[in-house]
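**Q** sequence unknown, structure follows:
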C-alpha cells in the first residue's frame, strides 16, 4: 500500500502544482541590441554584454555608488506582458566583501508600481540578505503577490511632463492580480549609505532573466 | 516636440503628445460581423478586438481560403484592422483568434462573411529563393521552385537556443559586386508536409538584410510569440514593400519534441513580391536603394512598425517604438502634407484633411495647436503655426487639386479651409510683423526673454520676439501660398505675397546673420539680446529655403562640416555630426547663456554638468533630431549642387545600415532623450521624402508639378513610382540619357537636367520662365 499511496500522493501533488509558462527568457542574443530594451541609471556608469566560457551571455553593469545615491537602477523595458513570477541570476565582483543588496520593482501598464521584497527577504518581518560576495551566481526570485512589499498607485500629474508618485499601499487584500501587464522591470543594486563601496565601483552581472505566468492565474486562460 | 517625456520614478511614463487630442481624435470603430463584399485583387479592411487583456496581443486571421494572416502586436482594447485580399471570386467565411504575448490563445472567433466578386486575379508572384541556409547547420537544405523545403529542421538540446533560416534572394554574389535587392510583400510559410504539425515554430520573427551577410534588421511588425499551430494552412506574413536582398526567420525558442530536445521545421517557404521598389536608382548600390525605400517604409508610412493602438498616427512606447505617420497637431501638419499628399491612399489623406479642417484658427487669425488647445501641450503659443497651416493647405491642394478640400468646413465654426489659411497668412502679415520682413511676437509669453515660454517646435529654447525659425517658415509659406493663390486665379494676392519675399530675405539676413560667427542666430529677444547657440536646424533651414547667398551658405556649411571653428563653440569638428543621424541641435551648451535661455520645466531638466539635461544628454541640448537632415540635404544641394549631398547621404545611409535607425538610446540617467528619430518624431519621414523634392526636384506649383531633377553623377537615373498628382498615379523617371520628356500612359520620363512641368491634365513640357519670376 505504501508505494501506491506514495504514487497517488505524487500524482495529486503534480496535478495541483501550478504549471509555470515561461513568457520571456532573456539570453542577450546577438541578434538584438540590448540598448533597445535595457537601460541603466542612478549610479551605474557602464554596461556591456559578455559571454561565459560555456557560451552563456550575461550583462555586466558597473555600479558607482556615490554619497546620497547608494542605489543603482537597471531597467528592462517590456512589451506590455502578463507575468506573475520572475527570476534572475546575479553575481557581484569587486566588492571586497562589502554587502550589496538587490531590490526590484515592476511598473504596470496603468502606471502603478509594484515594489518587491529584496534578495533574501522571505517573510514580512525578515530583512534583506546581501548578495553572495564570493563571486558565485545567486538566484533572485519573486512571485506576485506573495513577494509584494508595496504598491505605488499611479501618480497624479504634477505638470504636463511630470507625474508624481501615487499613494502607497501596504495591503492588497482582495485585489485582483489577474490580467495585469507590466511595461518595465527595475532591478536595484544597493549598498548601505556608509558602505566602503561609496565612491568606488564594482560590477554586478545579470543573466537568465525569466518571466513566468503561472497557469490558472489568468481568468481567461485557454 | 516635447523636451522631456519623463516622470518621476516610479511613475516612469513618457508623456504623450496626444493628451490634448485623445478625446477629439479618438477613433471608435467596432468589429463588424455583417456580410461584406470585396473585389478580387483589392484589399478589404476587416477588424477584430479582444478587448479585455492588459498585455499586448496580436491577431491571426483565417482568410477562409487556406491562408492565415497575422497582424502586428498592439493593445487588446483597441480595434485592430487587417487588410485582406482575395484573388478568386467566391463566398468566404473569415475568422480570427487572438494571441497574448504571454502565450494565451483565444478561441476562434467568426469574422465577416465576404462575398468576393470579379474575375480571378493574379496573386503576387514568387521571388526566386536562391539559397537557403540554417543556423545551426542541419545538413543540406533543398528548395523546389514552388518553395517546398527538403529539410530536417532544427533540433537542439535546449529550449532557448536561437536558430535561424536564411533566405537569399539576390544573386549569389561575386566578390566585389553588390547583391540585388527586391521589393518583398509577403513571406509565406507552411508547417512540414505530412509530418508533425507542431514542428512549425512556436515563436519566430522575421529579419531583413541587403545581403545574407547582414547586418540583419528585425521587421518590427513580424514578431510572433506563441504562434498557434497553423496545421495545413499557409501563414502569410505581410512585409508591405520591404526592400531586401535576404530574409531570415529567427526562432528564439524551440518547440519541445515528445522524445526530448527542442526544435522546429517548415514545409515550404515562399517570398512574394518582385515589383519595382517605390524609389528606384540606377547606378546606386543595393544598400542605397534599400535605404531610401526602407527609410520611407519605416518613417514615411510606418508600414511595418508596431502601432500599439493599431494606428500609425499614435506613438508606441519602448521597446517597440518606431516610425509613425503623423501627429494630428498643427506642429506637424505641413510636414504631414509633404509626407502624405503624394500618396494614392485615400484613408491617410482623408484623415489628414479632416485634421486640417478641424484645426482651429482663432477669431484673431492665430492658429491653434489643436482642437481644444490654443497652446502646444497647453503650455505655450507657437506662432509658427501661422506659417505651418497655410503651408499644409497650399501644398496639399496643389498636389491633389481637389477643390472640395479647400471648401471643407471647420466642424465648429463652419469656416472653410481656404478661408482659414488666408486668415492665418493675414495674421503673419499684420500681427506678427510679416510685412516688415521678420516674424516678431510681442506677447510676453513669446518675447524670447527669460520669462517667456518659447515660440516654436524647439520648445526647450525660449525663442521668441524676432524668431529666425519662425521667419524661415514664414518665408516658405509666402512662396507656397502665392502658388496657391495664383492657381485659384487670385493673381493680385499672389503678387503681393511674392513681392514680400525679397524683403523677408533681406530682413532675415540683416536681422539674424552673425558676421563674426558666420552663421544665423536663433532669435533676438524683446530686450534686444541676440541668442546664438549654434542652432544647426535654423541654419540648415535658412539655406534650404534659399535665404542665404552663396558666400554665407558656404560659411554655414564649413562650420557644420567642422572645417571652421566658431569661437566659443563646445561642439566642433567631427563632433558636430558625432551622433551620425544629423548635426547636434546646438553647438554651444545651453548653460553658457547668462542666464541660459531655456525652459527647464520647473527644474525637471538640469542642464548643468552631471544633470539629466547636460550637453549631449538631452535632445535639444547637444542631442540630434533626424529630420534636421532633410533640411541639411536641401541646404547642401541648394548651395553645392547635386554632388553636395553625397557625403551627408553616405553618413545617413551608414547609420541606417546599422539598425535601420530603430534607436532611442538612454542617457546615463535612464532617460531616452539623446536623439529624436522614433515615436513622436514622424518628421523623420521627411528625410526619405528628400528623394522626391530633392533628388527628383518635384514640388507642386501653380501650373502643375515642377520636376527639376538634381541627380549626383553616380545616380544617372531615378524613379518614383505610384506618385499621385492631381488625381492620377504616375511613375516618374529622371534620366540623364533622356533628351526630351516622354509620356507612355502613366509613365513619364524627363531629362535629368532642366526643369519640367507636369500639368494637372497630364502633359509635360519644359518649364516656362516668366519674366521676373523667382526661381522656385
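**A** Perfect, thanks for sending it. The structure displayed is predicted, hence computed values, not measured ones.
**Q** Just the closest residue of the stretch 101-250 of chain B to chain A, please.
**A** residue B:102 (4.1 Å; CB to the nearest CB). Backbone N, C-alpha and C define where each C-beta goes, glycine included.
**Q** Can you name the residue of chain A nearest to chain B?
**A** In chain A, the residue that lies nearest chain B is residue A:41 (2.9 Å; CB to the nearest CB).
**Q** In which helix or strand does residue A:149 reside?
**A** Using DSSP states H and E, residue A:149 sits within strand A:148-152.
**Q** and that strand, how far out from the chain's middle?
**A** In this view, strand A:148-152 has its centroid 13 Å away from the chain centroid, taken as CA atoms, centre = their mean, to the nearest Å.
**Q** Show me which residues of it are buried.
**A** Neighbour counts over strand A:148-152 (16 or more other CB atoms under 10 Å in any protein chain shown) mark A:148-149, A:151-152 as buried.
**Q** Take the residues you listed and lay them out in CSV including distance to chain B.
**A** Output for these, formatted as CSV (distance: CB to the nearest CB, whole Å):
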residue, distance to chain B
A:148, 14
A:149, 12
A:151, 10
A:152, 5
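**Q** need those in TSV with pLDDT and distance to residue B:128, can you?
**A** Shown next, in TSV, are the buried residues of strand A:148-152 (pLDDT from 0 to 100; distance: CB to CB, whole Å):
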residue	pLDDT	distance to residue B:128
A:148	94	57
A:149	92	59
A:151	90	57
A:152	87	57
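**Q** Could you check how far the nearest residue to residue A:94 once chain neighbours are set aside is from residue A:91?
**A** Nearest residue to residue A:94 in three dimensions, chain neighbours excluded: residue A:202, at 4.0 Å (CB to CB, 6 or more residues apart in numbering or on different chains). Distance, residue A:202 to residue A:91, using CB to CB, to the nearest Å: 11 Å.
**Q** what does the stretch 151-300 of chain B put close to chain A?
**A** Counting by CB under 8 Å from any CB of the partner chain, the stretch 151-300 of chain B comes close to chain A at B:159-160, B:162, B:164, B:207, B:216, B:218, B:225, B:250, B:252-253.
**Q** now the residues you listed in CSV, with secondary structure and neighbour count?
**A** CSV is the format used below for those (DSSP: H, G, I helix; E, B strand; the rest coil; neighbours: other CB atoms under 10 Å in any protein chain shown):
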residue, secondary structure, neighbour count
B:159, coil, 15
B:160, coil, 17
B:162, coil, 18
B:164, strand, 18
B:207, strand, 21
B:216, coil, 22
B:218, strand, 21
B:225, coil, 22
B:250, strand, 22
B:252, coil, 21
B:253, coil, 22
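**Q** what two of the residues you listed have the greatest distance between them?
**A** Farthest-apart pair in these is B:159 and B:216; separation 22.4 Å (CB to CB).
**Q** Now do the same for the residue nearest to residue A:94: its pLDDT.
**A** Here the pLDDT value assigned to residue A:202 is 97.
**Q** which residues pair with it across the strands?
**A** Beta-bridge pairing for residue A:202 (DSSP bridges): residue A:63.
**Q** so who does it touch?
**A** A:62-63, A:92-95, A:100 (CB atoms under 8 Å, 6 or more residues apart in numbering or on different chains).
**Q** Buried ones only from these, please, as a ChimeraX command.
**A** If you want just the buried ones from those in ChimeraX, going by 16+ other CB under 10 Å, the selection is:
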select /A:62,63,92,95,100
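**Q** Might you specify the subset of the contacts of residue A:202 located within strands?
**A** If you go by DSSP state E, those have A:62-63, A:92-93 in strands.
**Q** how about a markdown table for these, with distance to residue B:699 added?
**A** Below are these laid out as a markdown table (distance: CB to CB, whole Å):
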| residue | distance to residue B:699 |
| --- | --- |
| A:62 | 52 |
| A:63 | 54 |
| A:92 | 60 |
| A:93 | 60 |
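**Q** Just name the closest of these to residue A:119, please.
**A** Ranked by distance to residue A:119 (CB to CB), the ones in strands among the contacts of residue A:202 are led by residue A:92 at 10.8 Å.
**Q** distance between stretch B:553-573 and the chain's centre?
**A** 29 Å.
**Q** Any idea how far apart the tips of it sit?
**A** Stretch B:553-573 has an end-to-end distance of 18 Å (criterion: CA to CA, to the nearest Å).
**Q** Near the residue nearest to residue B:92 when sequence neighbours are not counted, how many other residues are there?
**A** Using CB to CB, 6+ apart and skipping the chain neighbours, the partner closest in space to residue B:92 is residue B:64 (3.9 Å). Residue B:64 is flanked by 19 other residues according to other CB atoms under 10 Å in any protein chain shown.
**Q** check which helix or strand covers the one residue sitting closest to the centre of chain A.
**A** Chain A has residue A:104 as the residue nearest its centroid, 4.7 Å off, counting by CA atoms, centre = their mean. Assigned by DSSP H and E, residue A:104 belongs to strand A:101-108.
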